[in-house]
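Student: this is a predicted model, with the sequence first.
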Amino acid sequence: MMWFLFKANAPEHAGLFQTGWFVESLMTQTLIIHVIRTNRLPFVKSRASGPLLASTVLVMAVGAWLPHSPFGGALGFVALPSLYWGALVLVLLTYMATTWGVKAYMHRRGWV
């Protein structure tokens, strides 16, 4: 996404690429826990415990805040464009749907 949509493919855009990659990775890894924890559709047919939901929201909020925080510059982060956040939602939904679909397929085949 950072490479093609935001043209962060040159050394002068390394901070943008790294910031976007960090936020996207953190959020996909956090959300995927909800997909692998149940055989039912996460958030719709199976809700996680309160502490897991709270930690998910907290980690994602900190990940979104960190590039704009006083620590962001020290970590080499830069502000992300507003278009990034809409694109990120699409990436997260696609990633979760794909993971859930592959997992459901593997369960039907008896592979897991």
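Tutor: Arrived safely, thanks for sending. Note that the coordinates shown come from a computational prediction; the quantities given were computed from them, not determined experimentally.
Student: do a quick rundown of the helices in this structure.
Tutor: Taking DSSP state H, the helices of the chain run over residues 14-36, 50-65, 82-109.
Student: now those in JSON lines, with distance to Gly73?
Tutor: Using the backbone N, CA and C atoms, a C-beta is placed for each residue, glycine as well. Formatted as JSON lines, these follow (distance: least, CB to CB, whole Å):
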{"stretch": "helix 14-36", "distance to Gly73": "9"}
{"stretch": "helix 50-65", "distance to Gly73": "14"}
{"stretch": "helix 82-109", "distance to Gly73": "18"}
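Student: buried deepest among those helices, which one?
Tutor: Among these, ranked by average contacts under mean count of other CB atoms under 10 Å, first place goes to helix 14-36 (a mean of 17).
Student: what's that helix packed up against?
Tutor: Judged by 3 or more CB pairs under 8 Å, 6 or more residues apart in numbering; DSSP states H and E, helix 14-36 is in contact with helix 50-65, helix 82-109.
Student: okay, it in CSV with CA atoms only?
Tutor: Extracted C-alpha coordinates of helix 14-36, given in CSV (Å, rounded to 0.1, in the frame of the first residue of the first chain):
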residue,chain,number,x,y,z
ALA,A,14,11.6,6.0,3.9
GLY,A,15,10.0,7.5,7.1
LEU,A,16,6.6,7.4,5.5
PHE,A,17,7.0,3.8,4.3
GLN,A,18,8.3,2.6,7.7
THR,A,19,5.6,4.5,9.6
GLY,A,20,2.8,3.1,7.5
TRP,A,21,4.3,-0.4,7.6
PHE,A,22,4.6,-0.3,11.4
VAL,A,23,1.0,0.8,11.9
GLU,A,24,-0.4,-1.7,9.4
SER,A,25,1.6,-4.6,10.8
LEU,A,26,0.7,-3.8,14.3
MET,A,27,-3.0,-3.6,13.5
THR,A,28,-3.1,-6.7,11.3
GLN,A,29,-1.3,-8.8,13.9
THR,A,30,-3.6,-7.5,16.7
LEU,A,31,-6.8,-8.2,14.7
ILE,A,32,-5.7,-11.6,13.5
ILE,A,33,-5.9,-12.9,17.0
HIS,A,34,-9.6,-12.6,16.8
VAL,A,35,-9.7,-14.6,13.6
ILE,A,36,-7.7,-17.5,14.8
